[in-house]
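J.: Turn this into a model:
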Amino acid sequence: MATRHLIRTIVLQSLYEWDFYHQKVDLLKIMERNLKEFGPGIDEPEFGFKIINGIVSHWEELNKLIEKNAPSWPLEQIAPIDRNILRIGLYELLYANKEEVPAKVAINEAIEMAKNFGGENSSKFINGVLGNVYQKIEQKESL
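T.: Numbers count the residues shown, from 1 in each chain. Predicted coordinates:
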């Protein structure tokens, strides 16, 4: 498993736990623990913390984008894994350095996580939401 893919997976695990506890625990401590346990010796742990910090600082905006681009699914009804994969994908799609994480890489990574950790239709759902946002970006429409 490539380093960044593993880091994204650890970010997903950390966000899932944080979301499970309704954001009442220390996310950075969760991330640190998960990095030590599941990614010992990772050569760029700062990549994961950049994603975590970015998601937290854009939390409300990311959640609103999910709701807007998945109108049939209220946020609390989206499976926690899917919800957090969407947060990672949207953060990378909208805010990550495009040279570091091109848009298609952000989408593909999210789809792969959905295939590995989500339900039967998760990858299609993730692809649909992120594809819709990407299309709006390309057409310079408001998100």
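
J.: any idea how far the most centrally placed residue in the chain is from residue 3?
T.: Closest residue to the average C-alpha location of the chain: residue 88 at 1.4 Å, with Cα atoms, centre = their mean. Distance, residue 88 to residue 3, by Cβ to Cβ, to the nearest Å: 16 Å. (C-beta placed from N, C-alpha, C; glycine too.)

J.: same check, this time on residue 60
T.: Relative to residue 3, residue 60 is positioned 30 Å away (Cβ to Cβ).

J.: Neighbour count: those two, which is higher?
T.: Per other Cβ atoms under 10 Å, whichever of residue 60 and residue 3 has more neighbours is residue 3, with 15 against 8.

J.: right, and that one touches residue 42 too?
T.: Yes - the pair residue 3 and residue 42 qualifies as a contact (Cβ atoms under 8 Å) at a distance of 6.0 Å.

J.: Any stretches of the protein with poor pLDDT?
T.: The model of the chain has pLDDT under 70 over residues 1, 143.

J.: ok, which stretches of it are helices?
T.: For the chain, helices defined by DSSP state H occupy the ranges 3-20, 27-38, 45-57, 59-69, 80-95, 103-117, 122-138.
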